[in-house]
Structures are given as C-alpha cells and as structure tokens.
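[1] let's see this in three dimensions:
(2 chains)
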Protein chains: 2
Amino acid sequence: MSEYRGYTGMSLTFLKESNVKVGDSVKVTEDLTYTGILMPRYEHTDDKHIVLKLKSGYNIGIEVNKIKKIELLSSEKIETKSSSKIKIDSSLPKVLLLSTGGTIASKIDYRTGAVTPALSATELNSAVPELAEIANIDAEVIFSEYSENLEPEHWKKIAEKLDSYAKSDYKGIVIGHGTDTMQYTAAFLSFALAGYPIPIVLVGSQRSSDRPSSDAALNLISAFRFVVESNTRGVFVVMHHNESDDLVVGHIGTRVRKNHTSKRSAFQTIGNNPAFLIFDKKIEKNLEKEFFKQKEYVPKLNFDSHVALVKYHPGYNPKIIDFLVESGYKAIIFEGTGLGHVGKTMYEGIKKANESGLFMGMTSQCIDGRVGMNVYESGRDLLELGIVPLSDMISETALVKAMWALGNSGSPVEMKNLMLKNIASEFSD
Amino acid sequence: MSEYRGYTGMSLTFLKESNVKVGDSVKVTEDLTYTGILMPRYEHTDDKHIVLKLKSGYNIGIEVNKIKKIELLSSEKIETKSSSKIKIDSSLPKVLLLSTGGTIASKIDYRTGAVTPALSATELNSAVPELAEIANIDAEVIFSEYSENLEPEHWKKIAEKLDSYAKSDYKGIVIGHGTDTMQYTAAFLSFALAGYPIPIVLVGSQRSSDRPSSDAALNLISAFRFVVESNTRGVFVVMHHNESDDLVVGHIGTRVRKNHTSKRSAFQTIGNNPAFLIFDKKIEKNLEKEFFKQKEYVPKLNFDSHVALVKYHPGYNPKIIDFLVESGYKAIIFEGTGLGHVGKTMYEGIKKANESGLFMGMTSQCIDGRVGMNVYESGRDLLELGIVPLSDMISETALVKAMWALGNSGSPVEMKNLMLKNIASEFSD
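    Next up is the predicted model:
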C-alpha cells in the first residue's frame, strides 16, 4: 500500500512536506485541535483535504489550507504480510480466515482503520485472543474493499479462492466482509459453491472495533465457533441477533437481508427464524430441515451481470424496460407490488422484453411473503406475458441467482430451470 | 360498465351466443364443472379464455374451445349508481367514503368481485351494517382500479377530490384503496394536502370479503371509528395489526410500508410503533408527538413524475444513470446499501447527473434506520458528488415526495428545501 494512498496535488505535497504518512498518529491544529490517525483516500477525491480517524472511531476531513500545525505523534509500521500463522495447538481444528475488507477487517487492529485492512494472524491474535483457543488459524487477504465497492467480479474471485480449498483439511472457512453487500456475496457463494464440503461463514461488524459497542470481536468469535462446532455445510452469515451481547445467529446465505442501517442486529432471516442460534455455551440448530440438499460439490463459478433489478412504482417509466432490452440485458428481476404486480403501463415493454428472449422473474417489494400471481387479474396478465413467479425468493437473492444462472447455463430453458430449482434454500420450502 | 368488459374476439362471440354477461352466475362444464361469476377482463388479454370467480374467492380461466356447456344460473343486476346516501341519523357525524378500487371496494358486495367496484351506500349498508351506527355516510366513486394500476395522475385526482371537500361539514374522509400501492398514494396525499382540516384515512383489505379470514369489514369499521373518534388531522393508513382480530392500527401516511405480500398484518410503521391503536372499545394515541405540524391548509396538488428510484446493487450498470439524465429525468432517489452507499463504478454517472442539475437523494435499501453519509469514505465521497442524505425517510416516500416537490416548486433550490423540510412526519423527528 502506498504511504500516501489516495492523496494527490495539494494535500499530497502538504503531507510530504510535513513528513507525515498514512497510518501515522498526528495532532492537527486549525481552529480546533484534533488527534488521530491519518487515513488513506480514494483517487477521485479532491486534493484540498486530509482525513483523520479520531479516537471516537469516526473520521473527519480537514482543509489543508486551514491547518496551522501538524505534529507527528507516532509512526505505525504498516503490516505488509498478507498471510501468516499463529502458534499451533495440534488438538484444535484448522480454520481458514479470508479477508475481503469492510469494517470488521479494517478495524481489527484497533488502530488504523482502513489503513491496514490486511488481517495478519499476529494482529488477529492480539486483537481477539479468544480465537487462538478455538482453532489454528490461517489468515489470507483476498482484497481490501468496502463491500459497497464489490462487484460480481469480486464474488467470483472469492468463489475461486474457496474452490481452491475444497479439498483442504480445514474444518471451515470464515470470510471477513463488509456488511453493505454481504447478502449479495453470500447468495452468490451459496449458488456457485453448492455442495461445498465444509461450512463457509461470512462475518462482519456494524460497529468498528474501536467503539465500545463494537460487535466485531463477538461476531468473529461466533463465526469461528460456528464453523468448528455446528457440524453443518453451506454458506451462512453470522451476525449479532439483538442489541445485547447474549446471542449471535447463523443465517442461511440466500435468506438473509440487512434490514437496518446501523443496528448491530441489522441482519435478519426473511420469513423465518435464523437457522442457528450461537449461544455463549452451545450452538443450537433452530430449524428442523436440511438447508442444503446438494450432496455433490460441482463448482459453478461463472456469472453474467446482464441482469437488471426493476423495482416497480407508480409513475415508473416503461421506456427503461425498452432501454434494458436494447442494451443487451438478458434478464430482469422485478420487485413488484403486493403479490407480484406491476401496472398496466408496463405491459407493452414487458411483452417486447419477452419477445426478445429476456428471462423475467417476479419477486415482491414487500420483502416478506410469497408472490401469488394467480390471485388477481394483474398477476395472471403478467404470467401470460411470460413473467416467472419466484415464490418467496428475496429480490436481491433472485438478482444474484439470475446473474449466476445466466453465467452457468447454455440455454434460456436451462437458465429458467436453474432459477426454479431450490439449490441453497433460496425458496423457503 | 360494458356487459362484456374486456372480452374480445372468440370469447366475446361465445358469451353473446351463450347469452351470458359479466356478473352473471354460471355453471360451466368442460372436463370438470365450475360454478361461479363471470368476471370482466382487460383489453390486452387473449380472446381464448373466459374467467370465473369461484366461491372460494379465487378466479380461474377456462378455455372457450374446451367448454362443453355453459348454463346461466342467475343474472346480477349491476349497480350503476356511483353516489348515494344511507338513512340519516342526525346525532351522528358525517363521513365521506371515497372509493378508488382494490380488494376492499371490489369485493364489498360479497359477490361479483371486480364487476361492481362501485361502493354504493346501499351495498355498504347491507355488507357492513355497523357503519351506519358510526356515521352518516356519503359514498362516492372516484375510479375503480386495482392499485397496481394507479399512476401519479390518479394521486392528483384523489387530491383534487379531497381538496374540493376541504370546507365541508365532514368529520373525516375514508378512502377505499388497493393495498399494493396504498403507501405511495398515502405519501402523496400527506404532502399535497398538508394542513388539511380533517383526518383522511386510506383503508384496504388483504383478503377479499368473501373469504372467512377477510379483514375488509373490520378495517373499514376501524377506519370510520378512527376519523370520528381520534380527534386528529393528517393522512393515515388504517389496517390490521396482527393475525387475530383484536387490533387495528393507524399508521402515519409517510412512514408506512407494506411488508408482507399476503398477511392481514402486512402494513407496518417503519422505525417506530404505529401512531394510533384502534381497540374494540377505544382509540389510543400511541406516540407522544405532533405528527402533522403544518396548521394552515395550502393545497399543493401538482407533481412531476420525472423521478427515478435507483436501487443500487453489485453489478449495477452506471449507464442506466446516463440514460436517465439523457431522458430528461429531474431527480433520482437512490436506495443505497447500508448507511447510504453506492459503488465507485457509479461515481462518474452521478457526477454527470449532478452537473446536469438533477436532484439526487439518498435513502437505504435496509429500509429501517437512518442514512449516515459521514461515517465512511464512500458516504463522504457521495456527499461531495452532490447527493443529499434523506435521513430515515423511506425510499418510496422519498420518491413520491420528490415527484411532489418537483411539481410544486419553482427552482432546484426550492425543491431541495422542500425535500429537507419535515412536512408530514416523513422524517421521524
């Protein structure tokens, strides 16, 4: 990582002249005085500000022109190793920890935030010493991105990495991931790696680990315990269940949704209770069913992102559908109203999309409940226009599944069959 | 209404030859025998089927070519009056019931479903006799549409109708409305009619009144009681709160969302408890605050539907933003991830949209919680690119508000000011 990552022009010059680098602890005096860590920036940002991470865990931007003084308090040696091992206890199982970025990874060293998103085992050990008592951990960094910046290409990279460990001696794999798009990644891995022999858990944190209310350590410990103790397979999301510290849960990767912007209990299983309850002393399977029926592991790692998610609303302009057809989209997932409806103004566009061979699936913007397109005239009309009802698959999962199904099928018929097959509990029964 | 509404070609000929009309009770024999009411159809549908509404409340399509016999059991005289009055009890307050269509209106006569969506007072009286003990009811039909077919033009028509009664002697106004887009209409009326002197309630039903589990009658009775007893103003949605019959609630029109496709308790206030609890014997104000602060009624009934709702996801194609800009859109409401983020791939498009003068507001696809665009780098980047954070306004309300604000302001600055002003509790504080 560059010592001045993201800084350009005026702010870069200022930092170089002041002999201050990303990751350094500094004291900045303008009208007020701030003490914090110099944070990296992205390339597109302006060159007039530097960004400090304060002790509160929040960042502020300070205009370079207004800075009267900047003092270097201490320099952080940035850890550049991307893979390393903790001490071995041969009685413990082996778990692989992969890092993709996000709050849980970036803050795990309690200090530099996004500066060293690499989770080295040494850092991990000092940050969350409980982990070394659960498993022998190998840690590896795939990339370091806030999850809002992840694209389907990143999903594929993660899947390929996991595929390379399909025949390993790991008891399970834990993936540190930003919470913003965690459910999308979880859905992709659920389909791409159906039948994978060991449990895969995505874990994140809603509050960075330098805040008193952080869920980072507890979520991480619970994720490790889950892959070691649960005796299950498949892709799960492990996150806080409530606002106290007494319960973390494991959600099925295709049925989970981030339903709150900031609460630690933001993640919820839609339409059911979470699959596993991870108590302090034991792990309980909460739903009496087999979540992942596919026994054989046949990786299908491709995708085709020519899929649009269309959330219908009054006043929706049907020309957007025409634009999608003309732009080469191959599938549309509708978030219809109620039981799976869109207004009559959409019919012409939908008819054209159908004639152009696009797959069109219907989910509901209600989020919970099944679509039921046989109940009202509107639903039946849409069935006649070629729209495929997707039962209670949540819309984000349906979007990801369509990208995956397009990338791993040879024909529209095969793609539609994949969409309707219950691969990873994306349909709740 | 046409006696053969929606039937064309082969099916129309068949019905005429069989001497059977929409609304008739018939017995149809093909491989099986069905008894039901002949339903109307929409113009765009094929001409090969007729549709029967069965006693179960559900409809089936039957292929004309396969019908061996069709017998007329009884002919329903279709009620064509669109406005009438029940007996007057001078001790009771006056309430206006407006009908726009939807399950609650279409099925209130327990028989012909969509055939006679007109709620005549006579029909009402026989269907829900309790209403006549709550108020003297004037009933009026504005239009008869399933709410998935409503457009902003319809919102305006409803608002104009309500505006025409702003100086009436009604105690309140109840609007029968389909549940699919009820929250969008409720939001529009909340803004367009801010300061309206009497309470306005939208009411619907999730189960048609010919089903044993119907919520139609209870919701309607509760809506009438609410406008008569609650002593409040503003726009509310009154719907079932749970799966038993003991509680109906009043939701603030800008904070309510349909969160389940089929449950009677589908409607929920986001981020809080509902504003009013409508028990069997009493109505309780549930939140200690003034929901609608605007005292003076100044109708603002216009809209401009050049607003797009963009739900961001990994793989979102930024060219769609370019298309919106080129198509003359004036505002975009983003449903970002988490605290209000979109991926870096979107920045170029957003920059162009900003330069083209589009208003861009940020909400979260998490639904619950506030956006917080100062916490992470991504959020600060988007602020710099001109995106306006919309706190905890729910995305559908933000979309409607943007259409309304565009239609009732003379400049981008005024429009933005309207977006950020808390007009009808769209921001929860």
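[2] separation between the residue nearest the centre of chain A and chain B?
    Of all residues in chain A, the one closest to the mean position by CA atoms, centre = their mean is residue A:182, 1.7 Å from it. Look at residue A:182 and chain B: by CB to the nearest CB, to the nearest Å, they are 9 Å apart. Bear in mind the C-beta positions are built from the backbone N, C-alpha and C, glycine included.
[3] which stretches of the stretch 301-429 of chain A form helices?
    Under the criterion DSSP state H, counting those that start in this stretch, the stretch 301-429 of chain A contains helices at A:319-326, A:347-355, A:377-384, A:395-407, A:412-420.
[4] just the stretch 1-150 of chain A next, same as before
    Going by DSSP H, counting those that start in this stretch, the stretch 1-150 of chain A shows helices at A:9-18, A:103-106, A:121-127.
[5] and these, which one is worst for confidence?
    Of all the helices of the stretch 1-150 of chain A, mean pLDDT reaches its minimum on helix A:103-106 (a mean of 55).
[6] for the stretch 201-350 of chain A, which residues are neighbours of chain B?
    A:258-263, A:266, A:305, A:307-309, A:311-315, A:317, A:319-320, A:323, A:327, A:335-345, A:347 (CB under 8 Å from any CB of the partner chain).
[7] ranking the helices of the stretch 301-429 of chain A by burial, who's on top?
    Comparing the helices of the stretch 301-429 of chain A on average neighbours per residue, with mean count of other CB atoms under 10 Å in any protein chain shown, the densest one is helix A:395-407 at a mean of 27.
[8] helices or strands up against it?
    helix A:182-192, strand A:307-311, strand A:331-336, strand A:359-364, helix A:412-420 (3 or more CB pairs under 8 Å, 6 or more residues apart in numbering or on different chains; DSSP states H and E).
[9] can you redo these as JSON lines with mean pLDDT?
    As requested, the helices and strands packed on helix A:395-407 are exported to JSON lines (pLDDT from 0 to 100):
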{"stretch": "helix A:182-192", "mean pLDDT": "98"}
{"stretch": "strand A:307-311", "mean pLDDT": "98"}
{"stretch": "strand A:331-336", "mean pLDDT": "98"}
{"stretch": "strand A:359-364", "mean pLDDT": "98"}
{"stretch": "helix A:412-420", "mean pLDDT": "98"}
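[10] need the pLDDT of the closest residue to residue A:354 other than its chain neighbours.
    Closest residue to residue A:354 apart from its sequence neighbours, by CB to CB, 6 or more residues apart in numbering or on different chains: residue A:386 at 3.6 Å. Reading off the confidence values, residue A:386 has pLDDT 96.
[11] quick one, what contacts residue A:386?
    A:350, A:354, A:360 (CB atoms under 8 Å, 6 or more residues apart in numbering or on different chains).
[12] separation between the last one and residue A:412?
    Counting by CB to CB, to the nearest Å, the separation of residue A:360 from residue A:412 is 11 Å.
[13] repeat that for residue A:166.
    In terms of CB to CB, residue A:166 sits 30 Å off from residue A:412.
[14] just for the stretch 101-250 of chain A, where's the confidence low?
    Applying pLDDT under 70 to the stretch 101-250 of chain A flags the ranges A:102-127, A:208-213.
[15] could you pull out the strands in it for me?
    A:136-141, A:172-176, A:200-203, A:235-240, A:248-252 (DSSP state E, counting those that start in this stretch).
[16] anything in the second one sitting right up against chain B?
    Which is strand A:172-176. No: judged by CB under 8 Å from any CB, strand A:172-176 and chain B are separated, with a smallest distance of 15.3 Å.
[17] looking at the stretch 201-350 of chain A, which residue is nearest chain B?
    Of all residues in the stretch 201-350 of chain A, residue A:261 sits closest to chain B, at 3.2 Å by CB to the nearest CB.
[18] quick check: nearest residue in space to that residue, chain neighbours excluded?
    Closest residue to residue A:261 apart from its sequence neighbours, by CB to CB, 6+ apart: residue B:369 at 3.2 Å.
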